Each structure stands twice: as C-alpha cells, then as structure tokens.
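> give me the fold of what follows.
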Amino acid sequence: MAFRTQSLAAIAAGALVLILSGCGAGALDPSASDSVTSAPTPVETTAGSTDAPVDPAAAPASCDTVLTEAENQRLAAEGHALEDDPFLLGPVMERMAAEGALVCVWSKPNSDVSVWYARLDVGDQGETWLAELQADGWLEDTHQGDGSYQAPADYDANYQPSVMLDSGVLHFASYNALLREVAELQ
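Numbering: from 1, shown residues only. Below is the predicted model:
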C-alpha cells in the first residue's frame, strides 16, 4: 500500500513539474469558443519567438488549472482521470456546454464515480441565469452561506450539483464542496 501511495505521489509530482515548466500546458484555441472544451489545445511556437512569458493567473482557465493544487492532487491520488469525451450532468451543464463553457469531468476508470465542473463567462447575464435556475427549482444554499445554489433533489439520481455566480462567471460543480476548491473562487 505504501508503494502504491508513493507511486501515485511520484506521478502527481511529475505531472506538476511538467505543468509548471510549461511542457504540459497550452493555450485554448480561441476559435473553439462555441464548443465544449475538455483539454487545452497546444499552440505551436517557433524557435525565435520573442513573446513574453504568460502569467498563469491571467491565462484562460483549463481543466488542468481550474481547481486548486490540493484538489488536483486529491483527485489524482483517488485515481480520477480527465475524460476526453465526458457525459454531461443534466440540463444545466448541457446548456452551459452549448453556450461555450469550459467543461471538465474527472472519472475513476472502471467505475461510475465522476467529478463534474463547468465554467461559463456569462457577464451581465448572470442574474438572468440565477432567476431561470430558481424558476426550475434551484434554491440558494443558506447552509453554506456562500451564495451558491443547489439543484432540486430530483435533478439527478446520484448527484445534487451546485452553481455559483462570481464576477460574471457561472461555476457548476457536481457537489457543493467542489466549489470551495475552484482556484478562481479562492
């Protein structure tokens, strides 16, 4: 068991080194704004490029960077891997994807356990989104007290997702605690 834990830690550390060194990171293809994005599209550069390094905080969100480092490590340690062609969790996530959201789904192989997240820049339409969700039975989660809204109990048989609107961005998570692990919401 200790060997497996050490192996997973070594793999996670190696992936972190690649991401931080830029070998595993890429910019999103701006022409793909109308499609579901599950992974960044690499941008080709030439040997003599004089572009200044990109500040990671200013870079577009990607499935590799949208969660906190601790949550990425936890998902990796539990065996979750990013899905290339994910199943979307219900009509709200489907609508967000149709409107160009970043969609990320991490699943355990040979299992039905998944973690869903979507991020959509809604700008000044955020309050309209929340009003529509409330009309569909979503309720403000007063227990959390963070301004998040929780889906009605019949939204999905196994999951009761939550959304949060922050600075013109709508965040969707398969469970409320995941919202506290979104890097942008820290």
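> partners of Trp106 in the sheet?
For Trp106, the beta-bridge partners are Leu82, Val115 (DSSP bridges).
> could you give the number of residues near it?
Close neighbours of Trp106, defined as other C-beta atoms under 10 Å, add up to 23. Yep, even glycine has a C-beta here, placed from its N, CA and C like the rest.
> roughly how far does it sit from Glu127?
Using C-beta to C-beta, to the nearest Å, Trp106 is found at 30 Å from Glu127.
> Tyr159 now?
From Tyr159 to Glu127 the distance is 25 Å (C-beta to C-beta).
> who's more crowded, these two?
Neighbours per residue (other C-beta under 10 Å) separate Tyr159 from Glu127, with Tyr159 holding more: 16 against 10.
> just say helix, strand or coil for that one.
Here Tyr159 is recorded as coil under DSSP: H, G, I helix; E, B strand; the rest coil.
> same check on the one 4 residues further on?
The assignment at Val163 comes out as strand when based on three-state DSSP.
> would you map the strands across this protein?
81-82, 102-107, 114-121, 139-140, 149-150, 162-166, 169-173 (DSSP state E).
> and the contacts of the last one?
Contacts to strand 169-173, defined as C-beta atoms under 8 Å, 6 or more residues apart in numbering, come from residues 92-93, 96, 101, 116-122, 126, 129, 161-165, 179, 182, 184-185.
> for stretch 143-162, same thing?
So stretch 143-162 is contacted by 89-90, 92-93, 116, 130, 133-134, 136-141, 163-166, 172-176, 178-180 (C-beta under 8 Å, 6+ apart).
> buried ones in that stretch, by neighbour count?
For stretch 143-162, burial by neighbour count (16 or more other C-beta atoms under 10 Å) applies to Gln144, Ser148, Tyr149, Gln150, Ala151, Tyr155, Tyr159, Pro161, Ser162.
> quick one on the thing from earlier: mind giving me a markdown table with the strands of the chain and columns for distance to Cys63?
Below are the strands of the chain laid out as a markdown table (distance: least, C-beta to C-beta, whole Å):
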| stretch | distance to Cys63 |
| --- | --- |
| strand 81-82 | 6 |
| strand 102-107 | 4 |
| strand 114-121 | 8 |
| strand 139-140 | 28 |
| strand 149-150 | 23 |
| strand 162-166 | 18 |
| strand 169-173 | 13 |
